[in-house]
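# One predicted model, sequence on top.
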Amino acid sequence: MKGRFLVAVLNVIALVVLVPLGAASQTTPRTPWGDPDLQGTYTNKTTTPLQRPENLANREFLTEEEVANRERTALDRNEQLLLAAARRTTVGGNVGAYNNFWLDGGTRPTGRTSLIFDPPSGRLPALTPEAERMRTDARRARAEADTWEDLELNDRCMIWQAGPPMLPSAYNNNFMFLQTPDYVAIQVEMIHDTRIIPLDGRSHLPSNVRQWNGDMRGHWEGDTLVIETTNLPRIEANAAAVGGDPILLRAANGRSDDTVTVIERITRVDADTLNYEFTIEDPTTWTTPFSGEFPMRRLAADELLYEYACHEGNYSMEGILGGKRVLEKAAASGGQ
């Protein structure tokens, strides 16, 4: 009986996630000044990958049964890991990363086979010849760790996942939306970042002024909040575009140009769901623009947005740099 009840619940969830997300509710709540009310705390966690797996080529959506089965598999795996015996690492071996206690990437697919829906293949477009060259050069320099400046911004607790776009991650996938007549603020749980988006029609900053989250400008198109971001540092633009591809991140480090534009479209579709859509245009890196979408679901009342204390527990930088010095010393002494 319990098993049949679980299947029934998962089938209801599948029906919900497969409903098209593009249109706003006819009764979209309004702020006191008349704008669509997006305020609240939401999560974008999902098991749907950025790119469509090759074994699902030409399939844009999962079936209801597949959605239910995938969520059940994820739930079962989490339970097995919770009950598994602890495994200890050894000196000199691979110490791994976070265990499942720290991870919270979700258990529910969106219903699509990938977050990307354009190109229709559900996969990133081809790299430009310049980006291919950058990737090759970056592989040669990947192991460098001479100073803290060689490390990615997430290792330095500078920025991660705030976007744009605000892609799902393995944990800390929560966002708080706040509004005034002139601004929308998005508090990002990951690294405790805040995006502040003006709505007053001001022009973008001069192109030589670069900010970690870019220069954001917002406006309303009907019930949809549209955010255009330019002036992105090249490293952050690529981090968002490729889901943190370490090769392209290193290739992009230090580069800055005017070719990257990110458009986000956020629409409230029901009392507890926002539809989040993004388009990235970066002709220096990609041969065509690409777009994706996913739902952001309101957190339950007892789920809170906590401060992310990154620097306080960040011994990875010291470990990376210290490990590099040990390898250099060993190489200088002939491996002794």
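Everything's here; your move. These figures come from a predicted structure and were not determined experimentally.
# any idea how far the closest residue to residue 36 other than its chain neighbours lies from residue 261?
Counting by C-beta to C-beta, 6 or more residues apart in numbering, residue 36 lies nearest to residue 223, which is 4.5 Å off, once chain neighbours are set aside. (C-beta placed from N, C-alpha, C; glycine too.) For residue 223, the distance to residue 261 equals 23 Å [C-beta to C-beta, to the nearest Å].
# go on, residue 310?
Per C-beta to C-beta, residue 310 is found 28 Å from residue 261.
# Partner strands of the host helix or strand of residue 220 and their direction?
According to DSSP states H and E, residue 220 maps onto strand 215-221. Next to strand 215-221 in the sheet, as set by DSSP bridges, lie strand 224-230 (antiparallel).
# which parts of the partner strand are buried?
Judged by neighbour count (16 or more other C-beta atoms under 10 Å), strand 224-230 contains these buried residues: 224-230.
# which of these lies closest to residue 327?
Of all these, residue 229 has the smallest distance to residue 327: 38.9 Å, by C-beta to C-beta.
# Wait, the closest one touches residue 164, no?
Yes: with contacts counted by C-beta atoms under 8 Å, residue 229 reaches residue 164, the gap being 4.9 Å.
# contacting residues around residue 174?
41-43, 189, 299, 303, 305 (C-beta atoms under 8 Å, 6 or more residues apart in numbering).
# Looks to me like residue 296 is in a helix.
No: counting by DSSP: H, G, I helix; E, B strand; the rest coil, one finds residue 296 to be strand, located in no helix.
# Check the gap between it and residue 270 for me.
Distance from residue 296 to residue 270, counting by C-beta to C-beta: 12 Å.
# who has more neighbours, these two?
Using other C-beta atoms under 10 Å, the more surrounded residue of residue 296 and residue 270 is residue 296, with 27 against 17.
# Low-confidence stretches in the stretch 101-250 of the chain?
Across the stretch 101-250 of the chain, the ranges flagged by pLDDT under 70 are 137-144, 234-250.
# Do a quick rundown of the strands in it.
Taking DSSP state E, counting those that start in this stretch as the test, the strands found in the stretch 101-250 of the chain are 116-118, 174-179, 183-188, 193-198, 215-221, 224-230.
# Adding distance to residue 107, write those strands out as a markdown table.
Putting the strands of the stretch 101-250 of the chain into a markdown table (distance: least, C-beta to C-beta, whole Å) gives the following:
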| stretch | distance to residue 107 |
| --- | --- |
| strand 116-118 | 21 |
| strand 174-179 | 16 |
| strand 183-188 | 22 |
| strand 193-198 | 25 |
| strand 215-221 | 32 |
| strand 224-230 | 28 |
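# Among those strands, which comes closest to residue 100?
Residue 100 lies closest, by C-beta to C-beta, to one member of those: strand 174-179, at 18.3 Å.
# and stretch 228-235, how far from the chain's centre?
Centroid separation between stretch 228-235 and its chain, computed with C-alpha atoms, centre = their mean, to the nearest Å, is 16 Å.
# same question, stretch 193-205
The answer for stretch 193-205 is 21 Å, by C-alpha atoms, centre = their mean.
# before we move on, what about stretch 177-185?
On C-alpha atoms, centre = their mean, the centre of stretch 177-185 falls 22 Å from that of its chain.
# three-state assignment of the residue lying closest to residue 146 once chain neighbours are set aside?
In space, and not counting its chain neighbours, residue 146 is closest to residue 324: 7.6 Å by C-beta to C-beta, 6+ apart. Under three-state DSSP, residue 324 falls in the helix class.
# repeat for the one 3 residues further on
What three-state DSSP gives for residue 327 is helix.
# likewise the one 3 residues further on?
Per three-state DSSP, the local secondary structure of residue 330 is helix.
# Look up the pLDDT of it for me, please.
For residue 330, the pLDDT comes out at 89.
# For it, grab the count of nearby residues.
Residues near residue 330, counting by other C-beta under 10 Å, number 11.
# and if you look at the one 3 residues further on?
Other residues within reach of residue 333, judged by other C-beta under 10 Å, total 8.
# swap in residue 325?
The burial count assigned to residue 325 is 11, neighbours taken as other C-beta under 10 Å.
# go on, residue 284?
Neighbours of residue 284 under the rule other C-beta under 10 Å: 18.
# Go ahead and confirm it touches residue 128.
Yes: the criterion here is C-beta under 8 Å, and residue 284 meets it with residue 128 at 6.6 Å.
# burial measure for the closest residue to residue 187 other than its chain neighbours, as a count.
Excluding its sequence neighbours, the residue lying closest to residue 187 (C-beta to C-beta, 6+ apart) is residue 176, at 4.0 Å. Per other C-beta under 10 Å, the neighbour tally for residue 176 reads 17.
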